[in-house]
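Chemist: please work out how this folds:
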Amino acid sequence: MVLRSETGEVEGVTLTKSICSIWDQVWNFQARPDDLLIATYAKAGTTWTQETVDMIQQNGDVEKCRRATIAKRHPFLEWLTMKHPTGLELAEAMPSPRTIKTHLPVQLVPPSFWKQNCKVIYVARNAKDNLVSYYHFHRMNKALPDPGTWEEFIEKFMTGKVLWGSWYDHVKGWWKAKDKHRILYLFYEDMKENPEQEIQKILKFLEKDVNQEVLNKIVHNTSFEIMKENPMANYTREFQAIMDHSISPFMRKGAVGDWKNHFTVAQNKKFDEDYKKKMADTSLVFRTEL
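Modeler: From the prediction side, this is the model:
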């Protein structure tokens with residue numbers, strides 16, 4: 001029986017109580033100059049980006065990318081659950097160069113990443129699809145707080161009372177930071193529409209070069225259909241006690257525009273009005289359909 005997480009706060013950002021309990025260790029984490037950080041709001045294409053980056057680093061070698069589950073290949077910096085080594089422990093034990101994952105908003109990223117001038121790949125997904133995906137993830141992942149009803153979860157999301165805080169602050173904060181640091185800011189919708197073009201951006205950012213054959217291989221193996229069936233990427237290999245894929249698979253749809261199947265007309269109207277206010281102070285633009 002897994003007990004759902006209780007929440008606490010760090011600088012006004014909602015996190016699990018367990019993350020709050022080790023916050024000093026997270027904040028004082030020592031990044032290395034050749035670390036790569038993959039940062040996203042939860043359910044914005046994190047695993048997809050991780051697999052893409054790993055395929056690039058392994059030069060398209062599928063076998064090498066299946067050497068371990070994604071959770072072991074790329075430590076989840078701030079995360080800890082019972083019976084599993086913490087993200088910090090995994091990261092500290094890992095030889096360089098490391099690729100590390102985080103959902104932290106930019107202001108909570110350990111300062112050593114900026115001191116070491118590390119590269120960061122950030123992926124943002126439109127709020128409505130992100131919200132839908134996050135809701136289903138809460139339903140199936142018993143390590144997260146109970147989402148309540150769909151209606152209640154929309155409210156929590158809009159007020160930022162969800163894990164890792166406000167989506168609005170998250171995407172805007174990282175968008176601003178990209179002008180000061182080595183951050184490649186990508187959009188989920190672009191990755192969906194033209195994966196090859198977005199992979200090219202990652203290649204350039206990582207200063208890697210692959211031939212067309214390897215590029216095709218990366219595009220193919222990081223497609224939703226292939227990844228959904230890949231036990232090293234779809235979270236069916238570990239965390240069985242925590243994630244119930246029968247409620248909703250970890251890799252559910254990977255679509256753009258699925259929000260239309262969830263929002264009522266009234267919910268959509270309310271969400272749009274609120275969104276307009278919260279996003280009035282940024283140049284960031286999202287697409288909610290392709």
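Chemist: which residues of the stretch 1-150 of the chain fall in helices?
Modeler: Under the criterion DSSP state H, counting those that start in this stretch, the stretch 1-150 of the chain contains helices at 17-21, 23-27, 46-57, 62-65, 70-73, 87-93, 112-115, 127-140, 150-159.
Chemist: need those in JSON lines (columns: distance to residue 283, mean neighbour count and mean pLDDT).
Modeler: Where you see a C-beta, it was placed from the backbone N, CA and C, and this is true even at glycine. Shown next, in JSON lines, are the helices of the stretch 1-150 of the chain (distance: least, CB to CB, whole Å; neighbours: other CB atoms under 10 Å; pLDDT from 0 to 100):
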{"stretch": "helix 17-21", "distance to residue 283": "31", "mean neighbour count": "16", "mean pLDDT": "95"}
{"stretch": "helix 23-27", "distance to residue 283": "30", "mean neighbour count": "15", "mean pLDDT": "98"}
{"stretch": "helix 46-57", "distance to residue 283": "23", "mean neighbour count": "23", "mean pLDDT": "98"}
{"stretch": "helix 62-65", "distance to residue 283": "36", "mean neighbour count": "14", "mean pLDDT": "97"}
{"stretch": "helix 70-73", "distance to residue 283": "33", "mean neighbour count": "20", "mean pLDDT": "96"}
{"stretch": "helix 87-93", "distance to residue 283": "32", "mean neighbour count": "18", "mean pLDDT": "96"}
{"stretch": "helix 112-115", "distance to residue 283": "23", "mean neighbour count": "17", "mean pLDDT": "98"}
{"stretch": "helix 127-140", "distance to residue 283": "16", "mean neighbour count": "22", "mean pLDDT": "97"}
{"stretch": "helix 150-159", "distance to residue 283": "22", "mean neighbour count": "16", "mean pLDDT": "98"}
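Chemist: any chance of those helices in a markdown table, with distance to residue 273 too?
Modeler: Shown next, in a markdown table, are the helices of the stretch 1-150 of the chain (distance: least, CB to CB, whole Å):
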| stretch | distance to residue 273 |
| --- | --- |
| helix 17-21 | 32 |
| helix 23-27 | 35 |
| helix 46-57 | 29 |
| helix 62-65 | 44 |
| helix 70-73 | 38 |
| helix 87-93 | 38 |
| helix 112-115 | 36 |
| helix 127-140 | 13 |
| helix 150-159 | 10 |
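Chemist: for those helices, which one sits closest to residue 195?
Modeler: With CB to CB as the measure, helix 46-57 is the member of those nearest residue 195 (8.3 Å).
Chemist: neighbouring contacts of the closest one?
Modeler: 36, 38, 40, 62, 65, 70, 73-74, 99, 101, 103, 121, 123, 186, 191, 199, 202-203, 206, 208, 210, 217-218, 221-222, 224, 227, 230, 233, 235, 250-251, 254 (CB atoms under 8 Å, 6 or more residues apart in numbering).
Chemist: now do 7 Å
Modeler: With contacts defined as CB atoms under 7 Å, 6 or more residues apart in numbering, helix 46-57 is touched by 36, 38, 40, 65, 70, 73-74, 99, 101, 121, 123, 199, 202-203, 206, 208, 218, 221-222, 227, 233.
Chemist: swap in stretch 242-260?
Modeler: Residues contacting stretch 242-260 (CB under 7 Å, 6+ apart): 2, 81, 128-129, 132-133, 136, 139-143, 189, 192, 224, 227-228, 234-236, 288-290.
Chemist: I'd like the average pLDDT over stretch 268-280.
Modeler: For stretch 268-280, the mean pLDDT works out to 98.
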